[in-house]
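Undergrad: predicted structure and sequence below. I'll ask about it afterward.
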Amino acid sequence: MGVCGYLTVSWKCLVVLTFRLLFLLPAGLPVRSQGDSQPDNKVMENITVRQGETVFLTCPQGDVVTHTAWLNRSSILYAGEDKWSVDPRVSLVTFSQEEFTIKIEDVDTSDEGQYVCAVQTSSRPRTTSVHVLVLVPPQIINLSKDLVVNEGADVTLMCQAGGKPDPSLSWQLISPSGDLGSEEEVLEIPSITRQKAGTYICTAINDIGTDIQTVEITVNYAPSVSEGRDVGVTLGQKGVLECEADAMPEASFEWYRDDRRILNGFDGIEIEDLGHLSKLMFFNVSESDYGNFTCIAINTLGSSNTTFLLYGPRTVQDGNNGALGMHTHTYNCVVFVLFLLFLLRV
């Protein structure tokens with residue numbers, strides 16, 4: 001039951017017992033004079049353990065042991081077989097004449113430090129100390145939020161991480177070129193362009209592991225419309241004019257014939273919008289459908305437009321007839337010149 005009993009331990013008795021364990025003086029043992037032998041102190045090599053693992057602390061016994069204890073700083077973890085620590089992660093593994101071993105499970109940074117095994121034998125006190133080092137994998141603890149900015153704005157991304165040893169940090173843009181990066185916790189992007197929009201990866205790495213997190217940057221810009229392609233369609237056939245725009249946010253489209261806006265279903269014409277593409281569709285082209293059309297792409301940052309010509313085969317035929325007439329005229333001129341040369345010879 002111990003010196004004073006588990007249930008009837010007085011405050012004074014507990015203090016006396018604690019000091020006996022700390023100074024390793026068994027009951028009735030006189031204080032040594034300066035001429036007596038000094039305690040035998042031994043320092044073991046550091047124990048390195050990863051955060052979350054289990055560490056075993058072993059202390060050799062030997063001789064005739066009267067008292068023994070494992071201490072962490074000023075706290076007693078185990079005194080012999082009696083557990084003094086209230087931490088459920090600490091437990092006794094072996095307690096015999098040969099060794100005294102305890103273990104600490106799920107080790108954390110708060111467990112780092114010096115541990116002392118104090119042994120009192122019949123001849124002299126002995127201490128064995130060991131320093132426990134806890135290695136911690138990197139963890140990103142401060143990261144910029146996803147951003148939506150306008151083209152031309154200055155952007156700063158921040159990434160901070162903890163770990164032991166201190167992790168190194170790097171930024172990288174996920175893109176085919178992958179030409180934008182940094183080996184610092186801060187990434188500066190002056191006057192950002194649409195080509196630099198996308199997913200940015202922050203990587204924290206040390207000898208224990210790696211942590212990766214991402215930031216998404218969306219860059220808004222005004223629409224840019226591709227040049228319109230003229231389309232030739234035979235009467236009674238289907239004709240389609242296609243207008244493509246690059247924009248962020250996505251553009252809306254408007255179609256015009258001269259100064260008059262074309263609405264969906266107007267005069268049998270249908271408009272189909274497919275994200276970045278708008279189609280103006282004629283299902284039964286008539287003579288009145290031929291002419292110039294304008295497509296306008298619009299978003300909150302601006303607009304852009306392009307024009308199209310819907311034409312019929314007669315335009316092409318007239319062009320061919322003109323070319324044929326020119327060739328015929330040239331042929332007649334050549335024949336006439338040859339005829340004159342023939343007359344001159346005669």
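TA: Everything's here; your move.
Undergrad: correct me, but residue 106 touches residue 54?
TA: Yes - contact between residue 106 and residue 54 holds when scored by CB atoms under 8 Å: they sit 7.4 Å apart. Heads up, the C-betas are built off the backbone N, CA and C, glycines and all.
Undergrad: the closest residue to residue 206 other than its chain neighbours and residue 136, how far apart?
TA: In this structure, residue 206 finds its nearest non-sequential neighbour in residue 167, 4.2 Å apart by CB to CB, 6 or more residues apart in numbering. From residue 167 over to residue 136 the distance is 9 Å, taken as CB to CB, to the nearest Å.
Undergrad: for those two, indicate the residue with more neighbours.
TA: Each of residue 167 and residue 136 has its neighbours counted (other CB atoms under 10 Å); residue 167 has more, 24 against 20.
Undergrad: which pLDDT value goes with that one?
TA: pLDDT recorded at residue 167 is 96.
Undergrad: with residue 40 instead?
TA: 72.
Undergrad: pop the domain breakdown of the chain in here.
TA: 11-26+39-135, 144-221, 226-311 (automatic domain parsing).
Undergrad: surely residue 311 meets residue 230?
TA: Yes - the pair residue 311 / residue 230 is scored as a contact, 6.7 Å apart, by CB under 8 Å.
Undergrad: any common contacting residues for the two?
TA: By CB atoms under 8 Å, 6 or more residues apart in numbering, residue 311 and residue 230 have no common neighbours.
Undergrad: tell me which of those two has more neighbours.
TA: Counted by other CB under 10 Å, residue 311 and residue 230 do not tie: residue 311 has more neighbours, with 17 against 12.
Undergrad: so what's the residue count around the spatially closest residue to the more buried one that is not a sequence neighbour?
TA: Nearest non-adjacent residue to residue 311, counting by CB to CB, 6+ apart: residue 232, 5.2 Å away. Counted with other CB under 10 Å, the neighbours of residue 232 add up to 14.
Undergrad: pLDDT weak spots in the stretch 101-250 of the chain?
TA: 176-180 (pLDDT under 70).
Undergrad: residues touching the residue nearest to residue 206, list them.
TA: By CB under 8 Å, 6+ apart, the contact list for residue 167 reads 138, 161, 204, 205, 206, 211.
Undergrad: for it, give me phi and psi.
TA: Main-chain torsions, residue 167, degrees, to the nearest 10: phi -80, psi 150.
Undergrad: how far away is it from residue 207?
TA: From residue 167 over to residue 207 the distance is 9 Å, taken as CB to CB.
Undergrad: likewise for residue 293?
TA: Taken as CB to CB, the span from residue 293 to residue 207 is 65 Å.
Undergrad: same thing with residue 199?
TA: Taking CB to CB as the measure, residue 199 falls 27 Å from residue 207.
Undergrad: again with residue 110
TA: 21 Å.
Undergrad: residue 131 too?
TA: Here residue 131 is placed at a distance of 18 Å from residue 207 (CB to CB).
Undergrad: more neighbours: the two, which one.
TA: Neighbour count, other CB under 10 Å: between residue 131 and residue 207, residue 131 has more, with 14 against 11.
Undergrad: can I assume that one is in contact with residue 114?
TA: Yes - taking CB under 8 Å as the definition, residue 131 is a contact partner of residue 114 at 5.2 Å.
Undergrad: identify the contacts common to those two.
TA: Here residue 131 and residue 114 share no contacting residue, scored by CB under 8 Å, 6+ apart.
Undergrad: count the residues that sit near residue 247.
TA: 23.
Undergrad: surely it is in contact with residue 224?
TA: Yes - assessed by CB under 8 Å, residue 247 is found in contact with residue 224 at 7.0 Å.
Undergrad: wait, a strand at residue 195?
TA: No - under the criterion used here (DSSP: H, G, I helix; E, B strand; the rest coil), residue 195 is helix, not part of a strand.
Undergrad: what sits against it?
TA: Here residue 195 is in contact with residue 175 (CB under 8 Å, 6+ apart).
Undergrad: rerun at 7 Å
TA: With contacts defined as CB atoms under 7 Å, 6 or more residues apart in numbering, residue 195 has no neighbours.
Undergrad: gap between it and residue 246?
TA: From residue 195 across to residue 246, the span is 12 Å (CB to CB).
Undergrad: cool, and residue 57?
TA: Applying CB to CB, the value for residue 57 to residue 246 is 66 Å.
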